[in-house]
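Novice: Starting from these lines, generate the structure:
(one chain, ligands or ions: 2)
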Amino acid sequence: MTGTHTSQHQHTTRPVRLGVMGGTFDPIHIGHLAIAEEARVRLALDEVLFVPARVSPLKLGNTCASGEDRYRMVSLAIADNAHFAVSRIELDREGPSYTVDTLEALHTACGRVELYFILGMDSLETLVHWRRPDAIVRLARLVVVTRPGYVPDWPALERAIPGVTQASEVIDTVRLDISSTELRERVRAGMPIRYLVPASVEAYIYDHQLYRDERTRASAPSC
Ligand code: ATP
Ligand code: MG
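Specialist: Ligands and ions are numbered 1, 2, ... in the order given. Take a look at the predicted model:
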């Protein structure tokens, strides 16, 4: 699941430092890639594992692209980074994708591992609504990355999830005001997405005619 890097470090004294990047990746874009790389370098992570969600419990409706398409786009996007990997753990698990289940499964599968869950500030703001946020902050350190338009209320977060401040590492980095929602709208409107997603992902979207279909939009309003 975590590729060669896990075994590579089994005989060293320190545990593997594994970044975990959750999301729907509908589609993956340069914002995701840039924050994952920033977290990897700043926190000296051995690897960052991208984990596409099967169904995001907090997102209304379904995803626009299928799990397989989203998985393939992530695979294409990370292909040129030896420190990035993608996991099917949430796609292959029935039901909504809860981060706490994923973190527990990774601890079981990887043995001596330190988990660093990477998320944008918009996601942090919703953490209180996730399943067992108290457990999440015990299972992983949170790597909270700035995102345009979001300034977290730490005292309120701390009241809701005691320990969250201690468990968090804030990374202030280049702010890329880009979202998958905007990319889907751009494709539908015939506007360019070149340079906002890797070229391989752009080609995949056009080859498979993703995000164009009005009927998809009707069945899932967020599309
Ligand atoms: P959508 O518009 O469909 O919600 P998104 O661009 O927010 O898509 P997600 O798959 O929801 O992408 O996000 C996965 C993770 O990446 C989340 O933790 C989110 O906060 C973070 N993230 C996404 N885009 C950015 C960005 N431009 N800057 C910082 N963090 C981001
Ligand atoms: Mg989002």
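Novice: Near ligand 1, which residues of the protein are found?
Specialist: For the chain, the residues in contact with ligand 1 (CB under 6 Å from any ligand atom) are 23-26, 31-32, 35, 119-120, 122-123, 145, 147, 176, 178-181. In this view, the C-beta of every residue, glycine as well, is placed from N, C-alpha and C.
Novice: From those, which land in strands?
Specialist: G23, L119, G120, V145 (DSSP state E).
Novice: A79: which of the residues you listed is nearest?
Specialist: Closest approach to A79 among those (CB to CB): G23, at 17.8 Å.
Novice: bridging residues for that closest one?
Specialist: Going by DSSP bridges, G23 is paired in beta bridges with P52.
Novice: burial count for it?
Specialist: When neighbours are counted by other CB atoms under 10 Å, G23 registers 19.
Novice: List the residues that contact it.
Specialist: H32, F50, V51, P52, A53 (CB atoms under 8 Å, 6 or more residues apart in numbering).
Novice: isn't the third one right up against A105?
Specialist: No. In this structure, V51 sits apart from A105 without contact. The criterion is CB atoms under 8 Å, and the distance is 10.1 Å.
Novice: what sits in contact with each of these two?
Specialist: Counting by CB under 8 Å, 6+ apart, the common neighbours of V51 and A105 are I89.
Novice: Go through stretch 116-128 and flag the buried ones.
Specialist: Y116, F117, I118, L119, G120, M121, S123, L124, E125, L127 (16 or more other CB atoms under 10 Å).
Novice: Out of those, which is nearest to D46?
Specialist: Among the buried residues of stretch 116-128, Y116 lies closest to D46 (CB to CB), at 10.2 Å.
Novice: my read: the closest one touches G22, true?
Specialist: No. Contact criterion CB under 8 Å: Y116 and G22 do not qualify, at 11.8 Å.
Novice: still on that earlier bit, relative to ligand 1, which of the contacts of G23 is nearest.
Specialist: H32 (5.2 Å; CB to the nearest ligand atom).
Novice: what pLDDT does that closest one get?
Specialist: pLDDT recorded at H32 is 98.
Novice: can I assume it is in contact with F25?
Specialist: Yes. Applying CB under 8 Å, one finds H32 in contact with F25, separated by 6.7 Å.
Novice: shared neighbours of the two, anything?
Specialist: F50.
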